[in-house]
Structure formats: structure tokens, C-alpha cells
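K.L.:
next one to model:
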Amino acid sequence: MKKKPRVLASAYAFNPEGGPHLHPGEDIVGWRLVEQLSRFYYVWVITHSCNKPAVESYKKKGALPGVIIEYVRLPFNLRRIFYKLEIGQRVYYYIWQILAWRKARILHKRVGFDAAQHITFNNDWIPSFIGAWLPVPFIWGPVGGGQRTPPAFYSGYKKRGRAADKVRLFGQWIGRNVLVSRRLCVRNARAILVCNNETRDKMPPHVSPKVHFFPVNGIAEEDVSGPNGRNSGEFRVLSVGRMIHWKNFSSGIEAFGMFHERHKGSRLTMIGYGPQREKLEALAEELGLEDSIKFVDWMARQDLFDVMRASDVFLHPALREGGGAVVVEAMACGLPVVGLDNAGPGMHIRGGWGIKIKPQSPSQIISEMTEALEKLHNDRALRLRMGEAALQRARSFYVWDRQGERLHGIIEGILAEDGAKA
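P.N.:
Now for the predicted structure:
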């Protein structure tokens, strides 16, 4: 009888609740991909101790049976200090990885892993110490990190936003050109899963045979469900996400404002939180849209899906989103998506179920987003057709079980190759 392989998963972000105080998108990715691995393998997970309350609560309810969780944290509550700045989060995570690798070495001596996968954080320029130095077949990803703000859009950033992006670009250069661990990670990986073209292009050409496109986002089968209550007469536009500079919600508001001049019955709902919230509310008031734009705080996923199913169009103007989980969620609710043709959303959105815009300048994307809203407003049949195509794409490609089967195929190929060499 064939021995069931033993797989180690490194998942710093790993939380079934995905709350805004943690890393909501990546938490869900970590949880769901571990769930998929456990369908086929014995699985051990190394994660941050901050996830322990939620993870253990779900395990008591029967989640992830048989999966062994190991928690690692840094001493002296350094997380509270480092997490005040985005770059500080990356530094903290880099240090955490050293402790995770030490834990992995101890586990490997006891367990004898057949493979290891680095799942979260999904970042190509802060590599995995486990991938660099643990002597087992290694799968890296899905990773992003290659995306960046198009230079023409820096003029629209405030001083702090421009500074944050410059620090990020410097960190990327250091990670890709200086860190030995990154070079070892690329060399040792038997498969590199990338979630967008930009990240693929950051990989050395000689490793291209082992690079696989693999979305960093997915959806549960039970969450794929069509529209509800869209015949009210109002045209409802929806935007969702953290209200930070590179999400570019200000351009979305301006595009909606131009569209609203011709369609006074239209409404925009913006769901999210973040440091840009007050500025966005002020912009809406300045444009005379305070009665037509509704700002809503973060809400539970199922409540969000209800809002999506009652909307007509999903507007997503983000400038450098590596994955774009919320785009997949909107598609799963039967919403046509208007977004920018870059990084993760550029991979998710296709002509059959959305309209994507090549970002060339701030005024150009505002104008083209306005035109896209106009087109979808005026052609209800097109809107419904795109919504149905979006839902079917989510069902056929993004459902987590489909992702798990693709991942299983990749890992089985690696293990079979090793078995043939033995």
C-alpha cells in the first residue's frame, strides 16, 4: 500500500475568520490551501501564534481533522511595534521566518517530510527560509509581489504614499538582488506558483519551466450564487477594499461622479476601512455626491456577498493588487467587473465577464471607467450576460476544490519524479 506523503506548509497568514485586524485576504488563502492539501496528504502547518485562538476554535468544531498546527511568535510583543508601518510588517515577517525555519528543522528530524510548501505571505521578494534551507522538495507559492504602481500615477499620491512606494521598491530590489535566501529559494523550488504576469517576469529566465500560473484567490463552492434583487430601478455600483492610497478609490469616485451627472438614480456603495476613508468622504462631498455614495464599514463575508448579489457592477480601480480576492468574490456573485488591466485583477478579468482598462494616466482611467459604467448601464442584456459568464468562470476555475486538484497534480508530479530517481 502506497504511503501517504507528509507535507509541511508554511503559512504565516492562516486564519479562517480573515478579520481586518489580521491579513484578511491572505488569511483565507492560507486556510483554504491547507484545507486542500489535507485532502491528499498528512499536513503539518507552521503559522504565527496570533492565529491560534481562531484556529483552535475551528479545530474544536471539526475543521482540518488530522492537520497538526505549530505556532511560532517573536518575543516581547514586537508585532505591536513593527505593525505600525507597512514596511515594518515585512521586517517582522522576515525575522519570524528565521524562527519558523528553526521549528521546521526540528519537525523534519522527527517527521521526515516528503515536501514543503510556502503558502503565505505571498511575496517573491521576501523569500522562504524553509524553501532556502530545508532539504526537502519545495513548492513556492502562490506568490505575487512583482506588481508596482505605474509611474504615471505617482503624481496623484500624497507625500506619505510616494514615500511608502519608494521604500517598497527599495525593499524589492534588496530582496531580489542581495538576499541569498531568495536566490536559494528560486534555485531549490521544484515548482514556483505565480499569481500574475508581473511576478512571473521577476523570475530568472532559466527557471521558466518550473513556473506555473496559479491564482492566489479562490471561492467556496457554497458561495457561488447568482444575483438577487437587481430590478429596483436603481443602478447600483459597488467598490470594496482597504481604503489606502494604492487602492485608488478616489479615481473610482471621480469616474462615478461623471457617470452620475447623466444618471442621477445611480448609487455607489463603498465598503471598507483605512486611513483614506475621511479623504474619500470629503471628495464625495466636494463633488456633491454625499447623497449618492454610501460608505459602509467592514462587514462579515456573507453580508458582503448579499450586498454584491444586490448590485449591478463591481468597480475596482486598484493600481497594484497582487491577487484581488474581492474581484473573484464579485464574479462568484454574478457581477460584471470594471477594473484595471494589471497584476491580479488583470488576470481575473476577461472580456467575457468584465471590462479592464490599461492604466496609462489618471485622467485616462477615470474617463474609461466612466465609459464602462455607461456601457453596462445602457445595455442590460450585456450586463446580465457578463454577470452570468463571471459566475460560471468562478465556478469552473476559482472554486477551492478545483485549485486543490491543480495543486495536487503539481505536487504529485514532483513526488513521482523523485520516486523515479530513487
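
K.L.:
am I right that Ile192 sits in a helix?
P.N.:
No. Assigned with DSSP: H, G, I helix; E, B strand; the rest coil, Ile192 falls outside any helix and is strand.

K.L.:
how about it: which residues does it bridge to?
P.N.:
Counting by DSSP bridges, Ile192 forms beta bridges with Trp140, Val211.

K.L.:
and it, how far is that from Gln36?
P.N.:
Per C-beta to C-beta, to the nearest Å, Ile192 is found 18 Å from Gln36. Heads up, the C-betas are built off the backbone N, CA and C, glycines and all.

K.L.:
quick one: which of those two has more around it?
P.N.:
With neighbours defined as other C-beta atoms under 10 Å, Ile192 and Gln36 compare such that Ile192 has more, 24 against 21.

K.L.:
got a list of what that one touches?
P.N.:
Trp140, Gly141, Val143, Val186, Met203, Val207, Lys210, Val211, His212 (C-beta atoms under 8 Å, 6 or more residues apart in numbering).

K.L.:
just Asn342 next, same as before
P.N.:
By C-beta under 8 Å, 6+ apart, the residues touching Asn342 are Gln147, Pro150, Glu198, Leu319, Arg320, Glu321, Pro359.

K.L.:
do you know the pLDDT at it?
P.N.:
You'll see Asn342 listed with a pLDDT of 89.

K.L.:
sorry, back to before: could you flag which of the contacts of Ile192 are buried?
P.N.:
In the contacts of Ile192, burial by neighbour count holds for Trp140, Gly141, Val143, Val186, Met203, Lys210, Val211, His212, counting by 16 or more other C-beta atoms under 10 Å.

K.L.:
could you identify the most distant pair in these?
P.N.:
Distance extremes for the buried ones among the contacts of Ile192: the farthest pair is Val186 and His212 at 14.1 Å, using C-beta to C-beta.

K.L.:
let's verify the residue nearest to Glu281 when sequence neighbours are not counted: helix, strand, or coil?
P.N.:
Once flanking residues are discounted, Glu281 sits nearest to Phe295: 5.9 Å by C-beta to C-beta, 6 or more residues apart in numbering. Of the three states, Phe295 takes strand according to three-state DSSP.

K.L.:
okay, now Phe295: neighbour count?
P.N.:
17.

K.L.:
same thing with Leu283?
P.N.:
For Leu283, the neighbour count with other C-beta under 10 Å is 17.

K.L.:
report the beta-bridge partners for Ile357.
P.N.:
Listed by DSSP bridges, the beta-bridge partners for Ile357 are Leu340.

K.L.:
and it, what is it in contact with?
P.N.:
Taking C-beta under 8 Å, 6+ apart as the contact definition, Ile357 lies against Val338, Gly339, Leu340, Asp341, Gln364, Ile365, Glu368, Met369, Ala372.

K.L.:
is it possible to mark the buried ones in those residues?
P.N.:
Neighbour counting by 16+ other C-beta under 10 Å classes Val338, Gly339, Leu340, Ile365, Glu368, Met369, Ala372 among the contacts of Ile357 as buried.

K.L.:
which of those fall in helices?
P.N.:
Under the assignment DSSP state H, the buried ones among the contacts of Ile357 contribute Ile365, Glu368, Met369, Ala372 to helices.

K.L.:
in stretch 350-360, what counts as buried?
P.N.:
Neighbour-count burial for stretch 350-360 flags Trp353, Gly354, Ile355, Lys356, Ile357, Pro359 (criterion: 16+ other C-beta under 10 Å).

K.L.:
Gly346: which of the residues you listed is nearest?
P.N.:
For those, the nearest to Gly346 is Lys356 (6.1 Å; C-beta to C-beta).

K.L.:
quick one: contacts for the closest one?
P.N.:
Neighbouring residues of Lys356 by C-beta under 8 Å, 6+ apart: Val337, Val338, Gly339, Leu340, Asp341, Pro345, Gly346, Ile349.

K.L.:
before we move on, which element is the residue most central in space within the chain in?
P.N.:
By C-alpha atoms, centre = their mean, the chain has its centre lying nearest to Gly323, at 3.6 Å. When elements are assigned from DSSP states H and E, Gly323 belongs to no helix and no strand.

K.L.:
flag the shaky bits of the stretch 1-150 of the chain, pLDDT-wise.
P.N.:
Low-confidence segments of the stretch 1-150 of the chain (pLDDT under 70): 1-2, 18-22, 24, 84-86.

K.L.:
can you show me the helices along it?
P.N.:
Ranges of helices within the stretch 1-150 of the chain are 24-37, 52-60, 78-82, 86-111, 129-133, based on DSSP state H, counting those that start in this stretch.

K.L.:
can I get these in TSV including distance to Val180?
P.N.:
Shown next, in TSV, are these (distance: least, C-beta to C-beta, whole Å):
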stretch	distance to Val180
helix 24-37	25
helix 52-60	32
helix 78-82	23
helix 86-111	13
helix 129-133	8
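
K.L.:
closest one to Phe170 among those?
P.N.:
Comparison of the helices of the stretch 1-150 of the chain against Phe170 by C-beta to C-beta identifies helix 86-111 as nearest, at 9.2 Å.

K.L.:
re earlier: kindly reformat the contacts of Lys356 as a markdown table containing distance to Leu415.
P.N.:
Compiled in a markdown table, these are given as follows (distance: C-beta to C-beta, whole Å):
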| residue | distance to Leu415 |
| --- | --- |
| Val337 | 37 |
| Val338 | 42 |
| Gly339 | 38 |
| Leu340 | 39 |
| Asp341 | 37 |
| Pro345 | 34 |
| Gly346 | 33 |
| Ile349 | 35 |
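
K.L.:
nice, that's everything, thank you.
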